[in-house]
Structures are given as C-alpha cells and as structure tokens.
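Participant: using only what follows, build the 3D model:
(one chain, ligands or ions: 1)
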Amino acid sequence: MQAAEFFRKYGNTAATPWSASGNYVRNEADLYAALEDLYGDTPRPLNRTGRYMDILGERIDSGRVSTYFETGVNKGGTLALGQGLKLAIGVDPSPKTAPGAFDAAPFRLEVKTSDDFFLETFSQDAPDFALDLAFVDGLHVFEYALRDFIGCELLSAPGCEVLIHDVLPRRMAEAARHRLTRAWTGDVWRVPLVLRHFRPDLKVQLMEAAPTGLAIIAGLDSANRVLLERYNEVVAYGLSLSVADFMAARDQHVAAA
Ligand SMILES: C[S@@+](CC[C@H](N)C(=O)[O-])C[C@H]1O[C@@H](n2cnc3c(N)ncnc32)[C@H](O)[C@@H]1O
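Facilitator: The predicted structure is shown next:
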C-alpha cells in the first residue's frame, strides 16, 4: 500500500471509541482509591533513568541530527530544543505556543493533525527532507501514536531514531483510552509491544524516563511496508493486549531488549 493511500484510508480514525477531551474526575484521589480497591491498581512509580526532555535534548544535540520532527507541540517546550538544527518541524492541530515563537527558521510549525500532515506530505512528489530524529507526543490513543510512528519511519533517513513518549503508565487509570485524569498516557503503551511483535527487525528499547517513560526505536527502514499492509491486524493485536497484564509485567517489558 502506498503511504498516501494509507493515510487517506486510516488517518484520524481509531478502531474503538475513545475520548481525549479531558473530562477529569472531580477528585482523582477518589478514583485511584476506588480502582485500587476494585482492581488492585496501585501506583507504580518508575525507577527514573533521567527526564524525557533531557534524553531528547541530548539526542538533538548529539551532532548527528540536522532534521528533527515531532507530533504534539503544545507550548513548544520540546520543539524549542531544535533551535540549532537545520530544520525542526512540529505538528499540532491546536498548539499553545507564544505568538511568533516558531515563525522563523529552523522551525516549521504545522497547525494540523499529524495524519493530515503525513497525507499531505506523501501526496506530494517527494518530501524535501528526511528525518534524523523524531519524537511522537501527539494524541495519546494507540492507533494515532502507531500511525505517527509509521509516518516517521516512512520519512526516516538512515540512522534515524523515533522516540515515543508516555509508554510506561504509572497506574492503570492513567492508561485509559478515555481520558479521566490530568496526567494521561492513554494507551500508547501498546505501540512498543506491537512493534516488537510485528517488526522484530526493529530495536525497541523502553526507558523509565520521568515522568511516564520513553520508547527508543532504532533500526528503521523507510522502505518497510509491514505495518501499512497489516495495519488492521496490528491494531486488533494491540487492542487485544490487557493493561493489567502490561502493568504486572512492566519491569520485564523494560528489561527486554
Ligand atoms: C503532551 S502535549 C505535547 C507536549 C510537548 N511535546 C512537550 O513535551 O512539551 C500533546 C499535544 O498533542 C496535540 N495533539 C492532539 N491531537 C493531535 C494530533 N492528531 N496530531 C498531532 N498532535 C496532536 C495536542 O494539541 C497537544 O498539544
């Protein structure tokens, strides 16, 4: 399947309903207490191996990156790390950046969903850039983060890494597809697991970066079409995974190479 066809067909969709609208419960402590009581959903803090922004910043500053891309800009904290690069592209349908903050080179702020960005990019003849580093931090719903990874890999230069934020929820409530809590990882945790299952050629590392984990994906191949061709199967497999099982085995997932 061609990249543009893939994003035209599946872009901005999820297989099952969800809501990211931020209908926070009035008292999160009550929610946590109820879930702990009902399901043993206890808080499981990470064994912090640095903060996600520091880890991302070190990679951006490594000297190996000239083109950086991110989905999910919000206030621009991570996009600003690309200041010294040749090109730093950020995509967000509703960024909360200061006016003019990313108007000048090397920045390119695209106010649209990442799916729309990929569809437009792949509908043109050939992109005029290739990615050395990408950071996936847009919509925290499994299918969206998966498609963000797919789009980044299709745009990757040799040696590119993709970092995915929020892959290690600290409790099940934080990992709900329907957003109930202020701190929200959603079910992005499914993405590294499906990559390990369907793409054993990739190197998928999970880091206990504060606050909610980071996946580092290397060994990308911009010509690989497995995730596009088998997308429905990949999504069905990912949605079949249980968050309770994932939380119980989180340490083993982190330890796995
Ligand atoms: C957690 S914030 C990003 C934070 C930022 N990367 C940082 O670390 O400072 C998530 C952002 O994703 C954006 N977002 C929501 N849906 C999106 C989509 N479909 N494509 C790209 N970004 C999206 C939201 O508007 C929000 O600003």
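Participant: touching the helix-or-strand element of the chain with minimal mean pLDDT from outside, list them.
Facilitator: Within the chain, judged by mean pLDDT, DSSP states H and E, the helix or strand with the poorest mean is helix 28-39; its value is a mean of 91. Contact with helix 28-39 is made by Val25, Asp41, Thr42, Pro43, Arg171, Met172, Ala173, Leu180, Thr181, Arg182, Ala244, as judged by CB atoms under 8 Å, 6 or more residues apart in numbering. All C-beta spots, glycine's among them, are computed from the backbone N, C-alpha and C.
Participant: quick check: the two most widely separated of the residues you listed?
Facilitator: With distances taken as CB to CB, the most widely separated pair in the contacts of helix 28-39 is Arg182 and Ala244, at 22.2 Å.
Participant: just to revisit the earlier point, mind listing what's buried along the least confident helix or strand of the chain?
Facilitator: For helix 28-39, burial by neighbour count (16 or more other CB atoms under 10 Å) applies to Leu31, Tyr32, Leu35.
Participant: so what touches the next helix or strand after it?
Facilitator: Following helix 28-39 in sequence order, the next helix or strand is helix 52-60 (DSSP states H and E). By CB under 8 Å, 6+ apart, the residues outside helix 52-60 that reach it are 65, 68, 77-78, 81-82, 85, 133, 135, 161, 163, 165, 207, 209-214.
Participant: stretch 80-97 near the ligand anywhere?
Facilitator: Yes - using CB under 6 Å from any ligand atom, stretch 80-97 reaches the ligand at Val91, Asp92, Pro93, Ser94.
Participant: checking the residue of the stretch 101-250 of the chain at minimum distance from the ligand next. Helix, strand or coil?
Facilitator: Per CB to the nearest ligand atom, Gly138 is where the stretch 101-250 of the chain lies closest to the ligand, at 3.1 Å. Three-state assignment for Gly138 (DSSP: H, G, I helix; E, B strand; the rest coil): coil.
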